[in-house]
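Chemist: I need the structure of the sequence given here:
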Amino acid sequence: MKKTFSDPIFQELIDSIQEERIKGNYEKVKERAMLLEKEAIKMGNKHSEALAYYFYAVCELFYNKPMETIQYCLKGKEICIKEEYYHLYVRICMTEGTAYISLNERASAIERLLDGYYLSLKHSLLDVHAQVLNNIGSVFFDLGRYEIALDYYLKSYKIEQEVNDTPRMGQLILYLNIVNTYIRQKEFEEAIAWENKYLSNEEERKIPLVKYSMLGNYILMKYKTDTEEAMEEKVNEFLEYIQSTNLDSYFMNIVFEIIECCFDIKNFKLAKKIINIVELSMNDFKGYEYKERLLHTKTRLWEYLGEEEALYSDLLEYKEVVHKGRVVKNENECIGILSKIQLKEIEQERMQIELKNEELRQQSQLDSFTGVLNKVAFEEKVKHRLENNIEGLEHDVLIIIDIDNFKTINDVYGHAVGDIVIKKFAQLLKEYVRDIDFIGRIGGDEFAVLMTEVYSKQSAVNWGDFFMKALNNLQLEGLEHVDITVSMGAVVVENETDYASIFEKADKAMYVAKAKGKNAYEVYEED
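Modeler: Numbering: from 1, shown residues only. Next up is the predicted model:
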């Protein structure tokens, strides 16, 4: 599958959906995704249909509807698995994982992300591989484990630098995540350095996600050094944006951090204003985590302001033990996620070892000089083929090939020239057999071929003529005076299963070819 959404008939519609997504116009994204789905089903275009479900999922995620997001992801994944749309499948895994994060089910989230991670690794999908690492980092960021999150973000960045076709929006989100992480670790100089990596482009400054993310970051970095008036001006500008759009989990977290800044500088009036806006948006969030966080924040505000009645009312709803339990749960969950990753890494290492062992096993079956099967491996493969063709439903042809006058070539021109002849001959032979056939070197200058699924004697004869013509035209650079011919004997295998008997017949046919003057091809006949 190609790494871009390249369905020519629908490309204009897909491009327009991507443009509206970047602008944050999710109503238009959903509207055009509906049109994409309708046209894709009508024309039987499965890729565009799966892509429509992906865009639906993205919209539902933006509107803080994780369950609906997951349902669309499942529909899209079902098509992708059946049609082997691996690139799109990984993108859907990322969206599904993010939905589980919104549900506070991080274990389920990491499973989906790791599913996409290893699939992107298996199929060398570097651009989405980088994005999956970015999303895994976000799980740890959400848990407050910023050091681990940063490690994943920087791994993602390293891969992203190697990929030329990474979507620009994906780069921006990664850079924002790195900036956000450095800010949470109070490493402001590093945060500013990463800001400068992408703020040089004026068009990028206009993207709402970038503009207001950076405004939020500015507030978090400057709230102690700006004047109170400048602080309020920036916060109010930020609040205007979040009131004009659906407040997603990303901006919700920034909002709570800004409230903490207001508490820190004792600007309780501004904190109360922000809390009121958060309360209006809270109905859009299905998980309990943000509601619990809001109640905790409100009780702190009432304590600061000395409003006993409001404090008592909210304390009835909010229990400190729940808050403490959440902290413990996050720590345990983080340990569990790390364990899952370690188990996956161990599984991957085991698979790599198995692949290496299989590779070594296959190498042990090859003749080290020519790269074809050695005598023992060739015999084993032919015997296995015969054992599995007991009913004789498929016809095979065993061919014995001997290079004519090879001893003379060695004696006259030297063993170095003889070695070149052997290698060139084996190379030519590999070029003129199919992937389903077997080639073996069964002696110094003697080779064997098992041609499978040959349905007539004439086919075997035709191949022999074809190969001998190719051999007669073989040119050896610097060895134009060396003529290479072969004698070949073949036997059509039908109901026989005894390797020794079949080999003997092909060998007899080969000696008949030599007796006729060499440079000949004979097919064994019972008479």
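
Chemist: So, low pLDDT: which residues of the stretch 101-250 of the chain?
Modeler: Along the stretch 101-250 of the chain, segments meeting pLDDT under 70 span 164-170, 198-206, 246-247.

Chemist: Kindly recompute the last result at 80.
Modeler: Low-confidence segments of the stretch 101-250 of the chain (pLDDT under 80): 102-106, 127, 143, 162-172, 195-210, 245-250.

Chemist: quick one, strands of it?
Modeler: Read by DSSP state E, counting those that start in this stretch, the stretch 101-250 of the chain holds no strands at all.

Chemist: just the helices in it please.
Modeler: Taking DSSP state H, counting those that start in this stretch as the criterion, the stretch 101-250 of the chain carries its helices at 106-122, 126-142, 146-162, 168-184, 188-195, 202-205, 208-222, 228-244, 249-264.

Chemist: Helices of the stretch 301-450 of the chain, start to end?
Modeler: Under DSSP H, counting those that start in this stretch, the stretch 301-450 of the chain gives helices at 308-317, 320-364, 375-387, 406-413, 415-431.

Chemist: by how many degrees do the strand or helix carrying residue 276 and helix 249-264 diverge?
Modeler: Using DSSP states H and E, residue 276 maps to helix 268-281. In terms of direction (axes from the mean of the first three to the mean of the last three Cα atoms, to 10 degrees), helix 268-281 departs from helix 249-264 by 160 degrees.

Chemist: Which elements pack onto helix 268-281?
Modeler: Contact analysis of helix 268-281 by 3 or more Cβ pairs under 8 Å, 6 or more residues apart in numbering; DSSP states H and E lists helix 228-244, helix 249-264, helix 289-305 as its packing neighbours. The C-beta positions use only the backbone N, C-alpha and C, and glycine is treated the same way.

Chemist: Please identify the buried residues of the first one?
Modeler: Residues of helix 228-244 classed as buried by neighbour count (16 or more other Cβ atoms under 10 Å): 231-232, 234-235, 238-239, 242.

Chemist: which one of those residues is nearest residue 64?
Modeler: residue 242 (13.0 Å; Cβ to Cβ).

Chemist: Could you report the separation of the closest one from residue 369?
Modeler: Remark: distance between residue 242 and residue 369 (Cβ to Cβ, to the nearest Å) = 72 Å.

Chemist: how many neighbours does residue 453 have?
Modeler: By the measure other Cβ atoms under 10 Å, the count of residues near residue 453 is 13.

Chemist: For it, which three-state class applies?
Modeler: Taking DSSP: H, G, I helix; E, B strand; the rest coil as the rule, one finds residue 453 in the coil state.

Chemist: Surely it and residue 396 touch.
Modeler: Yes - using Cβ atoms under 8 Å, residue 453 makes contact with residue 396 at a distance of 7.3 Å.

Chemist: Now residue 493: closest residue in space that isn't a chain neighbour?
Modeler: By the measure of Cβ to Cβ, 6 or more residues apart in numbering, the closest residue to residue 493 outside its immediate chain neighbours is residue 396, 4.4 Å from it.

Chemist: Just give me the neighbour total for that neighbour.
Modeler: With other Cβ under 10 Å as criterion, residue 396 counts 23.

Chemist: Pull up the distance across stretch 371-379, start to finish.
Modeler: Its first and final residues considered, stretch 371-379 spans 16 Å by Cα to Cα, to the nearest Å.

Chemist: which of the residues in that stretch are buried?
Modeler: Quick answer for stretch 371-379 (16+ other Cβ under 10 Å): 372-374, 377-379.

Chemist: is it possible to export those to JSON lines including pLDDT and distance to residue 296?
Modeler: Below are the buried residues of stretch 371-379 laid out as JSON lines (pLDDT from 0 to 100; distance: Cβ to Cβ, whole Å):
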{"residue": "372", "pLDDT": "90", "distance to residue 296": "72"}
{"residue": "373", "pLDDT": "92", "distance to residue 296": "70"}
{"residue": "374", "pLDDT": "91", "distance to residue 296": "72"}
{"residue": "377", "pLDDT": "90", "distance to residue 296": "69"}
{"residue": "378", "pLDDT": "93", "distance to residue 296": "74"}
{"residue": "379", "pLDDT": "92", "distance to residue 296": "75"}
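
Chemist: now those residues as CSV including distance to residue 223?
Modeler: What follows is the buried residues of stretch 371-379, written out as CSV (distance: Cβ to Cβ, whole Å):
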residue, distance to residue 223
372, 73
373, 72
374, 74
377, 72
378, 76
379, 79
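
Chemist: Go through those and name the one nearest residue 505.
Modeler: Among the buried residues of stretch 371-379, and counting by Cβ to Cβ, the member closest to residue 505 is residue 379, at 15.4 Å.

Chemist: Dihedrals phi and psi, residue 365?
Modeler: Backbone geometry at residue 365, expressed as degrees, to the nearest 10, gives phi -90, psi -10.

Chemist: re earlier: out of the helices of the stretch 301-450 of the chain, which gets the lowest mean score?
Modeler: Mean pLDDT per stretch puts helix 320-364 lowest among the helices of the stretch 301-450 of the chain, at a mean of 66.

Chemist: Report the separation between residue 448 and residue 379.
Modeler: 9 Å.

Chemist: Equivalent analysis for residue 307, please.
Modeler: For residue 307, the distance to residue 379 - Cβ to Cβ - is 91 Å.

Chemist: and what of residue 220?
Modeler: Counting by Cβ to Cβ, the gap between residue 220 and residue 379 amounts to 72 Å.

Chemist: and if you look at residue 182?
Modeler: For residue 182, the distance to residue 379 - Cβ to Cβ - is 64 Å.

Chemist: cool, and residue 122?
Modeler: Counting by Cβ to Cβ, the gap from residue 122 to residue 379 is 34 Å.

Chemist: ditto for residue 121
Modeler: Residue 121 is 38 Å from residue 379, where distance means Cβ to Cβ.

Chemist: One more: residue 58?
Modeler: For residue 58 relative to residue 379 (Cβ to Cβ), the value is 58 Å.

Chemist: and if you look at residue 440?
Modeler: Going from residue 440 to residue 379 by Cβ to Cβ gives 8 Å.

Chemist: how about the nearest residue to residue 310, chain neighbours excluded?
Modeler: Using Cβ to Cβ, 6+ apart, the closest residue to residue 310 is residue 302 (4.6 Å).

Chemist: ok, the one you found - contacts?
Modeler: Listed by Cβ atoms under 8 Å, 6 or more residues apart in numbering, the contact set of residue 302 reads 308, 310-311, 314.

Chemist: what's the pLDDT at it?
Modeler: So, for residue 302, pLDDT stands at 88.

Chemist: show me what contacts residue 212?
Modeler: Residues in contact with residue 212 (Cβ under 8 Å, 6+ apart) are 238, 241-242, 251.

Chemist: Closest to residue 350 out of those residues?
Modeler: residue 251 (41.9 Å).

Chemist: quick one, domains of the chain?
Modeler: Taking automatic domain parsing as the reference, the chain has its domains at 7-124, 136-206, 226-319, 375-523.

Chemist: what separates the closest residue to residue 94 other than its chain neighbours from residue 163, distance-wise?
Modeler: Using Cβ to Cβ, 6+ apart and skipping the chain neighbours, the partner closest in space to residue 94 is residue 135 (5.0 Å). In this view, residue 135 and residue 163 are 16 Å apart by Cβ to Cβ.

Chemist: So for these two, which residue has more residues nearby?
Modeler: Neighbour totals were compared for residue 135 and residue 163, and residue 135 leads with 25 against 18 (other Cβ under 10 Å).

Chemist: Might you report the residue contacts of the more buried one?
Modeler: Neighbouring residues of residue 135 by Cβ under 8 Å, 6+ apart: 94, 97-98, 113.

Chemist: May I see the buried residues of stretch 117-133?
Modeler: 117-120, 123, 125-133.

Chemist: Extract the C-alpha set from it and format it as CSV.
Modeler: Output in CSV follows, covering the C-alpha atoms of stretch 117-133 (Å, rounded to 0.1, in the frame of the first residue of the first chain):
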residue,chain,number,x,y,z
TYR,A,117,3.8,0.4,16.4
TYR,A,118,4.9,-3.1,15.4
LEU,A,119,2.9,-3.2,12.2
SER,A,120,4.6,0.1,11.1
LEU,A,121,7.9,-1.5,12.1
LYS,A,122,7.2,-4.7,10.2
HIS,A,123,6.2,-2.9,7.0
SER,A,124,8.8,-0.1,7.3
LEU,A,125,6.2,2.6,7.4
LEU,A,126,8.5,5.2,8.9
ASP,A,127,6.2,8.2,8.8
VAL,A,128,3.4,6.6,10.8
HIS,A,129,6.0,4.7,12.9
ALA,A,130,7.2,8.1,14.1
GLN,A,131,3.7,9.2,14.9
VAL,A,132,3.0,6.1,16.9
LEU,A,133,6.0,6.8,19.1
